[in-house]
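J.: Generate a structure from the sequence data that follows.
(one chain, ligands or ions: 2)
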Amino acid sequence: AGPCDIYSSGGAPCVAAHSTTRALYDAYTGGLYQVSRGSDGATVDITPLSAGGVANATAQDSFCASTTCLITIIYDQSGRGNHLTQAPPGGAASGPDPNGYDYLASAVGAPVTLNGQKAYGVFISPFTGYRNNAVSGTATGDEPQGLYAVLDGTHYNTGCCFDYGNAEVNSHDTGNGHMEAIYFGTGDGSGHGTGSGSGPWIMADLENGLFSGVDPINNPADPTISSRFVTAVVKGEPNQWAIRGGDATSGSLSTFYSGVRPSGGYNPMSKEGAIILGIGGDNSDSAQGTFYEGVMTSGYPSDDTENSVQANIVAAGYAATSLNSGPELTAGSSISLRATTACCTTRYIAHTGSTVNTQVVSSSSSTALKQQASWTVRTGLGNSACFSFESNDTPGSFIRHSNYELMVNANDGSKQFSEDATFCSQAGLNGQGNSIRSWSYPTRYWRHFNALGYIASNGGPHFFDAAASFNDDVSFVISAGFA
Ligand code: AHR
Ligand code: AHR
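T.: Ligands and ions are numbered 1, 2, ... in the order given. You can find the predicted model right below:
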């Protein structure tokens, strides 16, 4: 049985079931998600390999070969049509895409395996979000609901709010108690919502508050989460709610809070029933995190039911897999990266001070220029499965992105710097060499544009995101460093 079969047997059926990695019902054979590709805008639905099975990642890989793909729809498997699509602007923020919509997620940012079969999760970078404001059957008012989600315990931040669950139907903050969603991260920086240790924590976003328990500030029983895969549970019914969690690859769930509602407008609740992923109720969009699967139920599931769902998740066999493909990079080696766009095939990724650019470099160039165009591959500062690039002439300084521009900056040791300086490598999109993908914004690749370096998405909102010559501009032939 799948998770939603288990919830049904437990009397709290799924009213929304989302996963890009697998079917959540034993009998489900329909679309799990839709991807759209950059080359021609065509879309395809990715389905399970078999009823109840793992997503057909190979179908995505062949559809997206030699181009980029975005996740455009995460289908609701419950039959209620509660699909998640690109989130519209809200009270707190408009997104960067046309008409204020948030970014869509890359289809390749979160590869995993389930019992050895490849699948992709939903890697949410800041300004990325999904939503459904026209829902059917989800809890409203003080009605009971259950939620679980499988997340990446190593991908989080302090921005508001990496959420999955129940929110306002108008994308505005309509008041305390108008949300009941799973939150994962280190808090939204506004002084409320912490557990023990330094986080990240599983909390409940109940609107104008991330709650780790009944105390609005701190609940020491809500632990810092450190496993790579996390099962997060939030559930609520009249004057009772709970937070539970565990390692999604082993063991059982623990209860971090179970008890009465907080005071101050949260009892009774005023749930509205919309569904959000990766954003706050008012479209606050500065959070990051990774979502693999999750559901909303009608009815308050028992702990026993959730324990059976956890056993099912463990049996699904989530594991990390390589974030890289194509010609291999080797930590410790010194490299140069040559542009492949017809204009520019004698130009290499270089820097002038903190500015990353391309410059014409050859064996007869000055030693100084050769060093400016040579980089030492390092284990990724923000994720050891990917890479960082240390300047050969300025040791301790690395290529990082800031406002989507590539810069060479000294490593300040911060989480932000580490993540901005981490890049994964894949086969060059134009068939030559490598394309270097931002770990933290996987829709974005190193691109040279008017001889300057950016992280660019294929057809995105910035001038340097232009679709014309995208594949060529993001493909670099890598050889030994000049110096
Ligand atoms: O409760 C935290 C956040 O506060 C909500 O997600 C958002 O709607 C509001 O800004
Ligand atoms: O480059 C995008 C973001 O811009 C970086 O993550 C951050 O450092 C800056 O605000």
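
J.: Count the neighbours of the residue nearest to Gln86 when sequence neighbours are not counted for me.
T.: Take Gln86 and drop its neighbours on the chain: the residue closest to it by CB to CB, 6 or more residues apart in numbering is Tyr101, 4.9 Å away. Every residue, glycine included, has its C-beta placed from N, CA and C. Residues within reach of Tyr101, counting by other CB atoms under 10 Å, total 19.

J.: What separation do you get for Tyr101 and ligand 2?
T.: Tyr101 sits at a distance of 18 Å from ligand 2 (criterion: CB to the nearest ligand atom, to the nearest Å).

J.: Check Gly280 too.
T.: Gly280 is 19 Å from ligand 2, where distance means CB to the nearest ligand atom.

J.: what's the answer for Ser270, then?
T.: Computed as CB to the nearest ligand atom, the Ser270 to ligand 2 distance reads 35 Å.

J.: so what's that residue up against?
T.: Taking CB atoms under 8 Å, 6 or more residues apart in numbering, we find Ser270 in contact with 141-142, 174-178.

J.: just checking, Ser308 is part of a strand?
T.: No. Secondary structure of Ser308 (DSSP: H, G, I helix; E, B strand; the rest coil): helix, not part of a strand.

J.: in which helix or strand would I find the residue lying closest to it once chain neighbours are set aside?
T.: Counting by CB to CB, 6+ apart, Ser308 lies nearest to Ile6, which is 4.8 Å off, once chain neighbours are set aside. Per DSSP states H and E: Ile6 is located in helix 3-9.

J.: Moving C-terminal from that helix, which element do we reach first?
T.: Remark: after helix 3-9, the chain's next helix or strand is strand 14-19, criterion DSSP H and E.

J.: partners of Lys235 in the sheet?
T.: Counting by DSSP bridges, Lys235 is bridged to Gly146, Ala242.

J.: From Pro327, how far off is it?
T.: Counting by CB to CB, to the nearest Å, the gap between Lys235 and Pro327 amounts to 48 Å.

J.: neighbour-wise, which of these two wins?
T.: In terms of neighbours (other CB under 10 Å), Lys235 is the more surrounded of Lys235 and Pro327; the figures are 26 against 14.

J.: picking up where we left off before, wait, what's in contact with the residue nearest to Ser308?
T.: Counting by CB under 8 Å, 6+ apart, Ile6 has contacts 305, 308-309, 312.

J.: Give me the secondary structure label for Ala315.
T.: Following three-state DSSP, we place Ala315 in the helix state.

J.: hang on, the earlier thing: now the residue nearest to Gln86, what are its backbone angles?
T.: phi -70, psi 150 (degrees, to the nearest 10).

J.: Show the pLDDT at it.
T.: In this prediction, Tyr101 carries a pLDDT score of 98.

J.: Equivalent analysis for Gly189, please.
T.: At Gly189, pLDDT is 70.

J.: My understanding was that it contacts Thr158; is that so?
T.: Yes. Between Gly189 and Thr158 there is a contact at 5.1 Å, judged by CB atoms under 8 Å.

J.: In terms of neighbours, single out the busier of those two.
T.: Per other CB under 10 Å, whichever of Gly189 and Thr158 has more neighbours is Thr158, with 17 against 13.

J.: Could you report the distance from that one to Ser418?
T.: Distance of Thr158 to Ser418, computed by CB to CB: 14 Å.

J.: And for the residue nearest to Ser171 when sequence neighbours are not counted, the neighbour number?
T.: Once flanking residues are discounted, Ser171 sits nearest to Gly90: 3.3 Å by CB to CB, 6+ apart. Residues within reach of Gly90, counting by other CB under 10 Å, total 27.

J.: go on, Glu237?
T.: As a burial measure, Glu237 scores 17 neighbours (other CB under 10 Å).

J.: do Thr330 as well
T.: Close neighbours of Thr330, defined as other CB under 10 Å, add up to 8.

J.: What residues does it make contact with?
T.: For Thr330, the contacting residues are Val377, by CB under 8 Å, 6+ apart.

J.: three-state assignment of it?
T.: The assignment at Thr330 comes out as coil when based on three-state DSSP.

J.: mind checking how far it is from Thr376?
T.: Counting by CB to CB - Thr330 and Thr376 are separated by 10 Å.

J.: Same question for Gly141.
T.: 59 Å.

J.: Now do stretch 268-286, average pLDDT.
T.: Per-residue pLDDT over stretch 268-286 has a mean of 98.

J.: actually stretch 105-117, not the one I typed
T.: pLDDT averaged over stretch 105-117 gives 98.

J.: what does stretch 339-355 give?
T.: Averaged over stretch 339-355, pLDDT sits at 98.

J.: Just give me how far that stretch sits from the chain centre.
T.: 30 Å (CA atoms, centre = their mean, to the nearest Å).

J.: ok, that stretch near ligand 2 or not?
T.: No. Using CB under 6 Å from any ligand atom, stretch 339-355 never reaches ligand 2; the gap is at least 13.2 Å.

J.: what residues does this structure put near ligand 1?
T.: 92, 160-161, 173, 188, 205, 207-210, 280-282, 284.

J.: Which ones among the residues you listed map onto strands?
T.: Counting by DSSP state E, the residues of the chain next to ligand 1 place 205, 210 in strands.

J.: now stretch 421-435, how far from the chain's geometric center?
T.: Remark: stretch 421-435 is offset 20 Å from the chain centroid, using CA atoms, centre = their mean.

J.: Take that stretch, keep the C-alpha atoms, and write them as PDB.
T.: Taking C-alpha atoms only, stretch 421-435 is exported to PDB below (Å, rounded to 0.1, in the frame of the first residue of the first chain):
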ATOM      1  CA  ALA A 421      30.200  29.500  -4.300                       C
ATOM      2  CA  THR A 422      29.000  25.900  -4.900                       C
ATOM      3  CA  PHE A 423      28.400  24.600  -8.400                       C
ATOM      4  CA  CYS A 424      27.600  21.200  -9.900                       C
ATOM      5  CA  SER A 425      28.900  20.100 -13.300                       C
ATOM      6  CA  GLN A 426      27.100  18.500 -16.100                       C
ATOM      7  CA  ALA A 427      27.700  17.700 -19.700                       C
ATOM      8  CA  GLY A 428      27.800  20.900 -21.800                       C
ATOM      9  CA  LEU A 429      24.300  21.800 -23.000                       C
ATOM     10  CA  ASN A 430      25.700  22.300 -26.600                       C
ATOM     11  CA  GLY A 431      27.500  19.000 -26.600                       C
ATOM     12  CA  GLN A 432      30.900  20.500 -25.800                       C
ATOM     13  CA  GLY A 433      32.700  20.300 -22.500                       C
ATOM     14  CA  ASN A 434      30.800  21.100 -19.300                       C
ATOM     15  CA  SER A 435      28.000  23.400 -18.100                       C
END
